[in-house]
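Student: need a 3D model of the following:
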Amino acid sequence: MPIRTVRGHVILTEDTSGEQTVMVGTSLTGNEVQNVWVRNVGPRAVRVDRRVQFADGRVGKHSVDVVEVNFSPDGLVEIRKVEAYEDLRAS
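Tutor: Below you'll find the model as predicted:
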């Protein structure tokens with residue numbers, strides 16, 4: 001069974017045809033996400049919580065903070081801010 005919800009720094013990229021890629025890494029060093037361990041190419045849609053802050057990175061844009069990323073079976077990817085009072089361990 002694939003992992004549906006993960007936490008980490010997310011990277012969003014878009015190629016010239018408009019296809020998006022969502023990647024999740026373990027940490028942020030300098031202006032670059034490290035240890036990308038999840039990659040979703042061509043999701044049906046990407047929904048981002050308005051509280052998530054992004055910065056331009058070497059490739060695409062990345063979240064400034066750790067976020068929670070949910071990959072639904074129907075191709076929707078949801079990215080939401082993790083509140084400080086929440087448990088940061090993986091669900």
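Student: ramachandran coordinates for residue 31?
Tutor: phi -120, psi 30 (degrees, to the nearest 10).
Student: ok, the residue nearest to it when sequence neighbours are not counted to residue 83 distance?
Tutor: In space, and not counting its chain neighbours, residue 31 is closest to residue 57: 5.5 Å by C-beta to C-beta, 6 or more residues apart in numbering. Where C-beta positions appear, they are placed from N, C-alpha and C, glycine not excepted. Residue 57 sits at a distance of 24 Å from residue 83 (criterion: C-beta to C-beta, to the nearest Å).
Student: just residue 47 next, same as before
Tutor: For residue 47 relative to residue 83 (C-beta to C-beta), the value is 18 Å.
Student: which of the two has more neighbours?
Tutor: Remark: of residue 47 and residue 83, residue 47 carries more neighbours, 12 against 8, as counted by other C-beta atoms under 10 Å.
Student: gap between the more buried one and residue 20?
Tutor: On the measure of C-beta to C-beta, residue 47 and residue 20 end up 12 Å apart.
Student: residue 55 now?
Tutor: For residue 55 relative to residue 20 (C-beta to C-beta), the value is 18 Å.
Student: looking at those two, which one has more neighbours?
Tutor: Taking neighbours as other C-beta under 10 Å, residue 55 and residue 20 compare with residue 20 leading, 17 against 10.
Student: wait, the more buried one touches residue 44, no?
Tutor: No: in this structure, residue 20 is not within contact of residue 44 by C-beta atoms under 8 Å, at 9.9 Å.
Student: quick one: low-confidence parts of the chain?
Tutor: Within the chain, the set of residues satisfying pLDDT under 70 comprises 1-3, 84-91.
Student: closest to the centroid, which residue in the protein?
Tutor: residue 10 (2.8 Å; C-alpha atoms, centre = their mean).
Student: paired strands for the stretch of helix or strand it belongs to, with orientation please.
Tutor: In this structure, residue 10 sits in strand 5-14 according to DSSP states H and E. Each strand paired with strand 5-14, and its direction, by DSSP bridges: strand 20-25 (antiparallel), strand 61-63 (antiparallel), strand 67-71 (antiparallel).
Student: can you list these in CSV and add distance to residue 34?
Tutor: Below are the strands paired with strand 5-14 laid out as CSV (distance: least, C-beta to C-beta, whole Å):
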stretch, distance to residue 34
strand 20-25, 5
strand 61-63, 11
strand 67-71, 15
